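Novice: coordinates only, sequence not included:
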């Protein structure tokens, strides 16, 4: 647009655009190292936001933190009543509640992190429009909140072990690798969905349906070995949760090491999801405050 001539013969600049041009939004480039450094410098903000949400979540609740226990226990009770008599779903010789609860904890962490983290940019619109810290702090703090709830949900698992007189095997140390793997996968998916939901609001309505279907497409109530052997590695790459849940059960309940092929595929898939999710988030972040 050419400059306009004002009342005194001076050229007036064109009015500023109401929103960033599309070429800036969709071609925005953010360097990875400075972005990660800025995120690390803002880690206290993540903790503060997480503490705020934890206090708000349980402040007015009569049972308080017990709600973090009741949700997975209620799901376990339903699955045990419906599926415990189907012997092909569980591991022979392992009480079905123990088998199922390990899968429920893994799935609950992923689904709650994604379900809440994907919409945090919308929920925190007012705060986001007035602050300058990295936008990824919002979905990451939702994952921190879910992590706290998941740690609490380990208490019923310990009680179930005691009730059935079952002792986890020493190979449970594999959880030190499997749990961070699930965490990184969850971070990548959550960042991607939080960025996409800002652009496509209908996705916020579709996400709960995806999570409901994903519960039965993931080996939460059934064994991973039910997937044909030739498809286990591709499945592990597409859905790293499958090998993570299976290997956690193998380690804790059977004393076996992880199966290398699916686990390596899950690792490769996790790295891919994390890289693509973070790049997608940084590509779209330039207009989050404008259209949230």
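Specialist: On my side now, so go ahead. As the structure is a computational prediction, the values presented were derived from the model and not from experiment.

Novice: so where's the stretch 151-292 of the chain shaky on pLDDT?
Specialist: 288-292 (pLDDT under 70).

Novice: which residues touch residue 172?
Specialist: 251, 252 (Cβ atoms under 8 Å, 6 or more residues apart in numbering). Glycine gets a C-beta too; all of them are placed from N, C-alpha and C.

Novice: can you tell me the helix or strand for residue 141?
Specialist: Counting by DSSP states H and E, the element that carries residue 141 is helix 137-152.

Novice: Contacts for that helix next, please.
Specialist: Counting by Cβ under 8 Å, 6+ apart, 39, 42, 45-47, 49-50, 53-54, 57, 65, 68-69, 105, 108-109, 112-113, 116-118, 120-121, 124, 128, 183, 186-187, 190-191, 194 sit against helix 137-152.

Novice: again, but for stretch 73-81
Specialist: 96, 97, 100, 101, 104, 108, 156, 221.

Novice: My guess is the last one contacts residue 103. True?
Specialist: It refers to residue 221. Yes. Residue 221 lies in contact with residue 103 (Cβ atoms under 8 Å); the separation is 6.6 Å.

Novice: Neighbour count for those two, which is higher?
Specialist: Counted by other Cβ atoms under 10 Å, residue 221 and residue 103 do not tie: residue 103 has more neighbours, with 25 against 22.

Novice: For that one, give its distance to residue 173.
Specialist: Computed as Cβ to Cβ, to the nearest Å, the residue 103 to residue 173 distance reads 20 Å.

Novice: What of residue 277?
Specialist: Here residue 277 is placed at a distance of 28 Å from residue 173 (Cβ to Cβ).

Novice: And for residue 58?
Specialist: As for residue 58, its distance to residue 173 is 32 Å (criterion: Cβ to Cβ).

Novice: Mind checking which of those two has more residues around it?
Specialist: Comparing residue 58 with residue 173 by other Cβ under 10 Å, the one with more neighbours is residue 58, at 16 against 9.

Novice: Could I get the pLDDT score of residue 128?
Specialist: Residue 128 carries a pLDDT value of 78.

Novice: ok, it touching residue 120?
Specialist: No. Between residue 128 and residue 120 there is no contact under Cβ under 8 Å: 9.2 Å.

Novice: who has more neighbours, those two?
Specialist: Between residue 128 and residue 120, counting by other Cβ under 10 Å, residue 120 is the more crowded of the two (25 against 19).

Novice: Contact partners for that one?
Specialist: 138, 139, 141, 142, 194.
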